[in-house]
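Participant: Here is a sequence together with a model predicted from it:
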Amino acid sequence: MQRRVASNLIWMLVERGLQVVAGIGIVAMLARGLGPEGFAHFQYAQALVYIASSIALICGSEVVVPRLVADTSPLAQHRLISHAFRLRLAAGGTGYLLMCAFLSITAQPIEFWLPSLILGVAVMLREPFGIVTAWMQAHTQTRPNTLFNLASLSVKAACVALLFMLGTRNVPVYALAFLLESVLMAALLASFYLNRAQHAPTSHDPALTRELFGNGLFFWASFMLMMASRRIDQLLLKPQVSLGDLGAYAASVQILDNFVVLATILAAGVAPIYVYAQPTLAQARRNILKIAVAMTAVGTTGGILIALSAHWIVHLLYGAAFAKAANLLQFTALASALVFADVGLTLLPIYLRRPRLVAIKWGLVFGVTIAIDLIAIPRIGVYGAIVGYATANLLSVLFGLALWIHNAHTTLAIQETRA
């Protein structure tokens, strides 16, 4: 069993490691090529698109994959895929329109409109065509998706590198390079599905659409609130601080995004055997606590190392123009250890199949993040956003611990009643 876990973890780490290394290189070229202010324009647009894209996460794999596995009829699967695609496409279009509405209501200048409009097209491509990934998972064909990801990422990296070497400082042009990745990925997924799946024109079934929408509602709400919580700080920072400070903060966040993804990789690697496969809730709870403690140790160690190396990391990746980012990275790196604990504890509501609890948690986190940012940012600038980030992480961990303790008391009471 341990060998299976180790092998699974190594494969995921290698695959994700390549994506992280490429992502760090791309961000470094962006920062050096655009400078702090241009980088702030780009990152603000990405933050806005990141939040808008969460709307397209409706009817996720957790809803689609079990249905595909349960019904192996090719035409029935195609009917399901087509309905999920339409649902995601409609949600993606809604997200794009809401993004445009936000830009208009907040009266953003053209420097922010153009990259947002370009990057935002990915909202209508990534998740709708990503439904093919769910079909691949149901048919245990994950390797093509990995190759497609690496191919599209390589094209994006090559385009960004070319623009960087040419000395381009135009933000929308770099945005086009990012959009090319989404277009290529969508084309590869569509081609793969159409060439291998049995498909035929399907009539729209409102009942099936409502069922898919309802089954994934809590997961959808959780993803939207989580993604909004992770990027709302940059939207709130922009009117309160200089573009240089916003660019420095965004640079530090980019580094930590690549670090904390290790938490999801570790959890995904150990959870299937040590949590989901456990026959009793008591054993699953014990393992979840052990996993959370171990992941906290990993996050704390990594956070301390990043904090100690912050000045070297920022200088190596971004150059002297982003010197402000080093101090910000030190504080945020220490707070990021809480993310590892939260990911570990979140395995409990997932094991219990209670996505409503995850949605409640992220709703609380989202509200607290906004409240703290609105109070702290006008007073202490970018450090106020760090306070909001740390507090949100702490609240997530406390919620997970409270759920773990409450579940322990509930389980004990049930056992005593049966006795």
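Facilitator: Thanks, I have the structure now.
Participant: Can you get me the start-to-end distance on stretch 340-359?
Facilitator: Using C-alpha to C-alpha, to the nearest Å, one end of stretch 340-359 lies 18 Å from the other.
Participant: That one: which residues count as buried?
Facilitator: The neighbour-count check on stretch 340-359 (16 or more other C-beta atoms under 10 Å) flags 340-351, 355, 357-359 as buried. (Glycine included, C-beta is placed from N, CA and C.)
Participant: who touches that stretch?
Facilitator: 218-219, 221-222, 225, 260, 262-264, 266-267, 271, 275-276, 278, 281, 284-285, 288, 291-296, 298-300, 361, 393, 396-397, 400-401, 403-404, 407 (C-beta atoms under 8 Å, 6 or more residues apart in numbering).
Participant: try stretch 210-224
Facilitator: Residues outside stretch 210-224 that contact it (C-beta under 8 Å, 6+ apart) are 54-55, 57-60, 62-64, 83-84, 87, 355-356, 358-359, 361-363.
Participant: Pull out the buried members of the contacts of stretch 340-359.
Facilitator: Burial by neighbour count, judged by 16+ other C-beta under 10 Å, picks out 218-219, 221-222, 225, 260, 262-263, 266-267, 271, 275, 278, 281, 284-285, 288, 291-292, 295-296, 298-300, 361, 393, 396-397, 400, 403-404, 407 from these.
Participant: Tell me which of those residues fall in helices.
Facilitator: 218-219, 221-222, 225, 260, 262-263, 266-267, 271, 281, 284-285, 288, 291-292, 295-296, 298-300, 361, 393, 396-397, 400, 403-404, 407 (DSSP state H).
Participant: Now intersect the buried residues of stretch 340-359 with the helices, please.
Facilitator: 340-345, 347-351, 355, 357-359.
Participant: Tell me which residues touch the residue nearest the centre of the chain, please.
Facilitator: With distances taken as C-alpha atoms, centre = their mean, Met227 lies nearest the centre of the chain, 6.4 Å away. Shown in contact with Met227 (C-beta under 8 Å, 6+ apart): Tyr50, Ile51, Ser53, Ser54, Leu57.
Participant: so it, which of the three states?
Facilitator: helix (DSSP: H, G, I helix; E, B strand; the rest coil).
Participant: What's the separation between it and Ser53?
Facilitator: 7 Å (C-beta to C-beta, to the nearest Å).
Participant: repeat for Gly381
Facilitator: 28 Å.
Participant: quick one: which of those two has more around it?
Facilitator: Using other C-beta atoms under 10 Å as the criterion, Gly381 and Ser53 rank with Ser53 on top: 25 against 17.
Participant: tell me the SS of the more buried one?
Facilitator: helix.
Participant: so what's the residue nearest to it when sequence neighbours are not counted up against?
Facilitator: Of all residues not flanking Ser53 in the chain, Val123 sits nearest, at 4.7 Å (C-beta to C-beta, 6 or more residues apart in numbering). Residues in contact with Val123 (C-beta under 8 Å, 6+ apart) are Val49, Ala52, Ser53, Ile55, Ala56, Gly92, Gly95, Tyr96, Met99.
Participant: same check, this time on Phe85
Facilitator: Phe85 touches Pro128, Phe129, Ile131, counting by C-beta under 8 Å, 6+ apart.
Participant: Which residue, neighbours along the chain excluded, lies closest to the second one?
Facilitator: What that stands for is Phe129. The spatially closest residue to Phe129, leaving aside those adjacent along the chain, is Ala186, at 4.0 Å (C-beta to C-beta, 6+ apart).
Participant: I'd say that neighbour and Glu127 touch.
Facilitator: No. With contact defined as C-beta atoms under 8 Å, Ala186 does not count as touching Glu127 (10.1 Å).
Participant: Neighbour count: those two, which is higher?
Facilitator: Glu127 (26 against 20).
Participant: do you know how far that one is from Gly216?
Facilitator: Glu127 is 12 Å from Gly216, by C-beta to C-beta.
Participant: same question, Val382
Facilitator: 36 Å.
Participant: In terms of packing, which of these two has more residues around it?
Facilitator: A count of neighbours by other C-beta under 10 Å puts Val382 above the other of Val382 and Gly216, at 25 against 22.
Participant: Show the contacting residues for the more buried one.
Facilitator: Contact analysis of Val382 by C-beta under 8 Å, 6+ apart lists Leu237, Val241, Asp245, Leu246, Ala248, Tyr249, Leu328.
Participant: Which strand or helix spans the third one?
Facilitator: The one in question is Asp245. Element membership for Asp245, per DSSP states H and E: helix 243-271.
Participant: Please state the mean pLDDT value computed over that helix.
Facilitator: Here helix 243-271 scores 88 as its mean pLDDT.
Participant: Show me this structure divided up by domain.
Facilitator: Domain segmentation of the chain under automatic domain parsing yields 22-206, 216-419.
Participant: Same list (the ones you listed) but as CSV, adding distance to Arg16.
Facilitator: Formatted as CSV, the domains of the chain follow (distance: least, C-beta to C-beta, whole Å):
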stretch, distance to Arg16
domain 22-206, 10
domain 216-419, 6
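Participant: Kindly list the main-chain dihedrals of Thr168?
Facilitator: Backbone torsions for Thr168, taken as degrees, to the nearest 10, come to phi -70, psi 130.
Participant: And for it, the neighbour number?
Facilitator: Neighbour count for Thr168, taken as other C-beta under 10 Å: 15.
Participant: which element is Arg169 on?
Facilitator: Using DSSP H and E, no helix or strand contains Arg169.
Participant: Brilliant, that's me finished.
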